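A.B. asks: Need the 3D shape of this:
(4 chains)
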Protein chains: 2
Amino acid sequence: MGETATMSLQGDRQPEDGAARPRRGRPPKDAVAPGGDARTAILDAAEELFAKHGLHGVSLRQVAARARVDGALPHYYFDSKRGVFDAVFMRRAELLNAARIASLDAYEAGHGDAVTVEGAVRAFLEPVLGVAAEGDRGWLNYFALIAQVSNTPEWGGETMARFFDPVIRRLLAVLRRAMPGCRDQDLYWSYHMLSGALMLTLSESGRIDILSGGLCRSDDMAEAQSHMIAFAAAGFRAACVARSG
Amino acid sequence: MGETATMSLQGDRQPEDGAARPRRGRPPKDAVAPGGDARTAILDAAEELFAKHGLHGVSLRQVAARARVDGALPHYYFDSKRGVFDAVFMRRAELLNAARIASLDAYEAGHGDAVTVEGAVRAFLEPVLGVAAEGDRGWLNYFALIAQVSNTPEWGGETMARFFDPVIRRLLAVLRRAMPGCRDQDLYWSYHMLSGALMLTLSESGRIDILSGGLCRSDDMAEAQSHMIAFAAAGFRAACVARSG
DNA sequence: GTCTATAAGATGATAGAC
DNA sequence: GTCTATCATCTTATAGAC
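C.D. replies: Below you'll find the predicted structure:
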């Protein structure tokens, strides 16, 4: 998982951190940090609480309490509240991106010229919804956090772009092979629709449970995946292929 | 725009407010309230700030400052921060719901047996995206707020359901006529996908702007609408009609 | 209806002992 | 690395003058 550089999600910080920053009391972060236990507990707790109540809906005291560590440790490990949030966001990002890239690579490699829209969409969604379907609470919390950021005006779009655009471009490249000649703006808008559907699903808001009177469940990720693939694949074809001629 | 009863968005308050509640200093709220100017200014300011930063990301002081009224007035008019939020949420809800119901009614009345999936989706989206396309800042802020609530775990789904389910059921009724014999769970899941796409669009997160390098724009609601109709209509047909046989 | 003043508490952050 | 104690600030919310 390589070096996890401390990088802000906000775009306003200069990336001129060549050497150690002048901050005091910075943790070593080399090898297997001895306090890695507390560090991980803080990240897990923050992940859960931020996912449920948003960045501003949670105090560092609550995070520390949930993690069962002292109230000063979040600052010790992450400097600031924003630092905690950024660390939570980044912890699983590379892992997730690597899995999605690998999935798309494998699909394309295994299907040569016969790539389909369904296949591409499935390869794109599987690493996310597959993990979600397994019910790992850590990942589910992380996904809900992502879904919240996605719908956040101002910095949401920029943050999502910074972390996830490479994977999206990889998906669009495969889709272009499945739908040769389609227009770029149709492709972008169609992905936008798929992304919205995915984000609402990952938020597990309980919306569909109430609407359907319990017939469908927000946490049924397997059902969500199969519907999303069918829905989005048809959507891509209608919005892209139909207009490309 | 009749009586706008003070009603919490949270489900934990008893609906036993038959008469005036025992709270002190409650505003009259009858006729055209003399201080309606300040009241409206507070709602407008809160709408904008809540949409941008979320409920917890804004203080009542900021709201009052933005509205250019005294810091005590939000409490005077709405009792609490949550009261301000609820009032913002409800102010446009009935108006919006009425417009959407009317749009679906008009479509169904004008097309008899020849209802189509595209037509139903268009009639459902037009009152929202049409207004959004006109660029009214108040409505755009409101929509962004809705989009944020929609992706909020815990109470987001319940809140959306409480306010918008009747319209959704009206849409699904029309869709059932366009796709006779389709299964309910397919209909619910497909609407879930459409809803996600709509919510991401209304959030105006700037995501697609960056992804597309400026080719597509988050605030181009007309373009969003035409793509959403094509994408979702095909999605509904693929996920519902195909499985109904 | 509007404003001043202030209560009562929570928050991010830090210094320094251990 | 962990904990105690604390600062300065900001928060919601009220009481009461005008």
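A.B. asks: So stretch A:42-54, near DNA strand D or not?
C.D. replies: No - interface with DNA strand D: stretch A:42-54 contributes nothing (C-beta under 7 Å from any atom of the strand), its closest point being 9.1 Å away. Yep, even glycine has a C-beta here, placed from its N, CA and C like the rest.
A.B. asks: now that stretch: mean pLDDT?
C.D. replies: Regarding stretch A:42-54, the rounded mean pLDDT is 98.
A.B. asks: How about residues contacting it?
C.D. replies: With contact meaning C-beta atoms under 8 Å, 6 or more residues apart in numbering or on different chains, stretch A:42-54 is reached by A:57-58, A:62-64, A:66-67, A:69, A:73-74, A:77-78, A:84-85, A:87-88, A:91, A:137-138, A:141-142, A:144-145, A:148, B:54, B:56-57, B:152-154.
A.B. asks: and it, anywhere near DNA strand C?
C.D. replies: No - Stretch A:42-54 does not reach DNA strand C (C-beta under 7 Å from any atom of the strand); its nearest approach is 10.4 Å.
A.B. asks: Can I have the buried ones of the contacts of stretch A:42-54 as a PyMOL selection?
C.D. replies: Typed into PyMOL, the line below selects the buried ones among the contacts of stretch A:42-54, using 16 or more other C-beta atoms under 10 Å in any protein chain shown:
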select buried, (chain A and resi 58+63+64+66+67+69+73+74+77+78+84+85+87+88+91+141+142+144+145+148) or (chain B and resi 54+152+153)
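A.B. asks: Strands - which of the contacts of stretch A:42-54 land there?
C.D. replies: Residues from those lying in strands, with DSSP state E as the criterion: none.
A.B. asks: Among the contacts of stretch A:42-54, which lie within helices?
C.D. replies: A:62-64, A:66-67, A:73-74, A:77-78, A:84-85, A:87-88, A:91, A:137-138, A:141-142, A:144-145, A:148 (DSSP state H).
A.B. asks: distance between the biggest helix by length in chain A and the chain's centre?
C.D. replies: Secondary structure of chain A per DSSP H: the longest helix is helix A:156-178. Counting by C-alpha atoms, centre = their mean, to the nearest Å, helix A:156-178 is centred 12 Å from the centre of its parent chain.
A.B. asks: can you pull the buried residues of that helix?
C.D. replies: Buried, per 16+ other C-beta under 10 Å, within helix A:156-178: A:156-164, A:167-168, A:170-172, A:174-176, A:178.
A.B. asks: Just give me the neighbour total for residue A:225.
C.D. replies: Residue A:225 is flanked by 21 other residues according to other C-beta atoms under 10 Å in any protein chain shown.
A.B. asks: Give me the domain ranges for chain A.
C.D. replies: A:36-90, A:93-244 (automatic domain parsing).
A.B. asks: and the residue positioned nearest the centre of chain A, what does it touch?
C.D. replies: The residue lying closest to the centre of chain A (C-alpha atoms, centre = their mean) is residue A:146, at 4.7 Å. Shown in contact with residue A:146 (C-beta under 8 Å, 6+ apart): A:160, A:199, A:202.
A.B. asks: closest to residue B:229 among those residues?
C.D. replies: Closest approach between the contacts of residue A:146 and residue B:229, by C-beta to C-beta: residue A:199, at 20.0 Å.
A.B. asks: So the closest one is in contact with residue B:200, correct?
C.D. replies: Yes - at 6.2 Å, residue A:199 and residue B:200 qualify as touching, with contact defined as C-beta atoms under 8 Å.
A.B. asks: what residues are shared contacts of the two?
C.D. replies: A:150, A:151.
A.B. asks: The two: who's more crowded?
C.D. replies: More neighbours surround residue B:200 than the other of residue A:199 and residue B:200, with 31 against 27 (other C-beta under 10 Å).
A.B. asks: quick one: that one and residue A:215, what's the gap?
C.D. replies: 25 Å (C-beta to C-beta, to the nearest Å).
A.B. asks: just the angle between whichever strand or helix holds residue A:189 and helix A:156-178, please?
C.D. replies: When elements are assigned from DSSP states H and E, residue A:189 belongs to helix A:184-203. With axes from the mean of the first three to the mean of the last three C-alpha atoms, to 10 degrees defining the directions, helix A:184-203 sits at 120 degrees from helix A:156-178.
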